[in-house]
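Undergrad: predicted model and sequence below, questions to follow.
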Amino acid sequence: MRLLLVIAVLALTGCSLFRKGDAEPLPVQPPGPTKPDVVATLGKDLDKTDHRVASALVAIERNADKPKVVVAESRLAQSYLPAPPLADIAFAEARASKAGTPQGDIDYARQMAFGRQLATAVTKAWEKLETQQAEALRVSQLKDARIVELIKEVERVKKDASAQTWTLVGAGLAVVGALTTAFMGPRIGLPLLLCGAFCGSVPFIIDSPYFEYIAAGTLLVCSGLGLWWLADKVRDSVNKPSDDVPPQA
């Protein structure tokens, strides 16, 4: 009988575990930050740096005839940028030495085209980063939702297994109680039947919105019965005649 009960409980629990089937696999999370403010803050800082440098260069171009303004704006623009390597400085000085010459015009045109291509590539890379960040955030939210769903599923399986265990125990006690009533009398069988009915109703009692009130009422009744039993026990011990007092004639 015990073996049958154990097999039934395991079978029912296994069915509840695979009731929903296999979950769909989550997509691979892109290598990007999941918090939007990370990319947004960095983008604002880079935009501010680019705008300040570009504004300084415009001021230099418009005040080319004022050496002091050119020097001041040049230093200001450099403060927003990292220090360039010495090789790049030498390359720029060599280019500047040929300014106004045909070869210098060719070099400047070539460098301007390269600068536009580089700026376009950086813009596309930044847009790709923003797309990856949005996808990373979406996948991260899916994972969080899946974790919550799995936690709820585990809790539901535990609850179902507990309810099924109580139901099987109640059914077993009811069968034993019925057999005991038939062969040994209701004095022994009826308590088993009542215990079986109680075990079968435990899941419904726990799930009831009035469970707290039922539990509190049961504790109060048990406490009252215990106090009544104790008082009755004390009263009987007090009223019990002593062995030292001789019986009256």
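TA: Ah, there it is. Small disclaimer: the values here were computed from a predicted structure and weren't measured.
Undergrad: and the residue nearest the centre of the chain, helix, strand or coil?
TA: Per CA atoms, centre = their mean, the C-alpha nearest to the average position across the chain is that of Asp144, at 4.3 Å. State at Asp144, reduced to three classes by DSSP: H, G, I helix; E, B strand; the rest coil: helix.
Undergrad: how near is it to Arg138?
TA: Asp144 sits 11 Å away from Arg138, going by CB to CB, to the nearest Å. In short, each C-beta sits where N, CA and C put it, glycine included.
Undergrad: domain parsing for this protein?
TA: 36-128, 210-238 (automatic domain parsing).
Undergrad: list the contacts for Pro84?
TA: Contact partners of Pro84, counting by CB atoms under 8 Å, 6 or more residues apart in numbering, are Ala92.
Undergrad: so what's it scoring on pLDDT?
TA: Looking at Pro84, its pLDDT is 83.
Undergrad: before we move on, what about the one 3 residues further on?
TA: In the predicted model, Ala87 carries a pLDDT score of 89.
Undergrad: same deal with the one 4 residues further on?
TA: Phe91 carries a pLDDT score of 85 in this model.
Undergrad: and Ala249, by the same measure?
TA: 47.
Undergrad: name the SS class of Pro84, please.
TA: Assignment for Pro84 (three-state DSSP): coil.
Undergrad: which phi and psi does it have?
TA: phi -80, psi 150 (degrees, to the nearest 10).
Undergrad: buried set for stretch 135-149?
TA: Within stretch 135-149, the residues that qualify as buried are Glu135, Ala136, Leu137, Val139, counting by 16 or more other CB atoms under 10 Å.
Undergrad: no no, stretch 168-178
TA: Leu168, Val169, Gly170, Gly172, Leu173, Ala174, Val176, Gly177.
Undergrad: thank you, goodbye.
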